[in-house]
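Engineer: sequence isn't available, so here's the structure alone:
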């Protein structure tokens with residue numbers, strides 16, 4: 001499979017980076033965070049999950065390996081959702097951060113689903129991606145103080161931007177779920193996350209190159225932005241201003 005769009009490479013870069021970080025740090029791969037009690041103190045799981053994520057991320061770029069890598073990454077992400085994130089949400093349903101965590105991993109799943117290059121998985125990916133943006137947007141309102149500090153100091157109106165970007169995530173998610181300008185919504189989401197990478201995450205890595213968390217946030221943002229671009233590409237044949245009814249198409 002050839003590269004479908006720039007988002008394909010960015011998504012693969014993000015997933016590969018997360019795997020490499022796990023191998024370098026000896027910590028369980030990001031998609032398994034928060035680490036369940038049964039995984040604590042198991043270095044084999046940490047290195048194994050990191051190596052698998054690294055290999056699958058790299059495999060997404062190969063013409064002969066992309067299809068199988070995307071399928072394996074989908075299974076890998078779904079396993080982490082089923083084994084870690086859904087039980088975590090069930091145990092703490094009132095904590096928004098738990099929903100945020102499952103939303104991020106579901107975005108990774110959606111990106112991998114698009115790369116199946118099959119119509120029905122791509123449709124499902126758009127719905128999954130849209131639903132996943134809702135807890136991410138909501139987090140800007142629940143954890144406003146934590147969001148505000150991420151806004152670069154040279155940008156005025158930090159609180160306004162915290163709320164505005166939260167609304168943008170929510171709007172993009174709802175637009176994808178209800179097929180209201182889905183191509184435009186996914187494209188704008190990808191552009192917004194790309195701005196985050198350029199103004200927040202890359203400067204953070206440059207300031208503290210040894211900070212594991214800064215690198216993690218950079219790779220996660222790349223994976224999310226790349227997945228958004230892939231979702232936008234999956235509806236590339238639709239007019240920019242096309243609007244349809246809600247739900248999966250027949």
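Structural biologist: That came in fine, so what should we check first? Treat the numbers as computed from the prediction; the structure is a model and nothing was measured.

Engineer: got the contact list for stretch 46-54?
Structural biologist: Where contact means Cβ atoms under 8 Å, 6 or more residues apart in numbering, the residues beyond stretch 46-54 that reach it are 15-16, 18-23, 26-29, 31-32, 76. Quick note: C-beta positions are derived from backbone N, CA and C, even for glycine.

Engineer: nope, stretch 128-148 is what I meant
Structural biologist: Contacts of stretch 128-148 (Cβ under 8 Å, 6+ apart): 96-97, 99-100, 102-104, 106-107, 109-111, 113, 158-159, 162-163, 165-177, 186, 189, 227-228, 231.

Engineer: before we move on, back to that, most surrounded residue in the contacts of stretch 46-54?
Structural biologist: Per-residue neighbour counts (other Cβ atoms under 10 Å) across the contacts of stretch 46-54 peak at residue 15, which has 33 neighbours.

Engineer: which helix or which strand is home to that residue?
Structural biologist: Per DSSP states H and E, residue 15 falls inside helix 6-25.

Engineer: what is that helix packed up against?
Structural biologist: Helix 6-25 is packed against helix 43-59, helix 96-114, helix 212-234, with contacts defined by 3 or more Cβ pairs under 8 Å, 6 or more residues apart in numbering; DSSP states H and E.

Engineer: least reliable of these going by mean pLDDT?
Structural biologist: For the helices and strands packed on helix 6-25, mean pLDDT drops lowest on helix 43-59, to a mean of 92.

Engineer: for it, buried residues please.
Structural biologist: 45-47, 49-50, 52-59 (16 or more other Cβ atoms under 10 Å).

Engineer: could you list the low-pLDDT ranges of this structure?
Structural biologist: Scanning the chain for pLDDT under 70 picks out 1-4, 38-42, 117-121, 236-250.

Engineer: give me that answer again for 50
Structural biologist: Within the chain, the set of residues satisfying pLDDT under 50 comprises 245-250.

Engineer: geometric centre of the protein: which residue is closest?
Structural biologist: Centroid-nearest residue in the chain: residue 224, 3.2 Å away (criterion: Cα atoms, centre = their mean).

Engineer: run through the residues that contact that residue.
Structural biologist: 14, 104, 107, 193 are the contacts of residue 224 under Cβ under 8 Å, 6+ apart.

Engineer: can I get the residues you listed in a markdown table with distance to residue 72?
Structural biologist: Putting those into a markdown table (distance: Cβ to Cβ, whole Å) gives the following:
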| residue | distance to residue 72 |
| --- | --- |
| 14 | 16 |
| 104 | 19 |
| 107 | 17 |
| 193 | 24 |
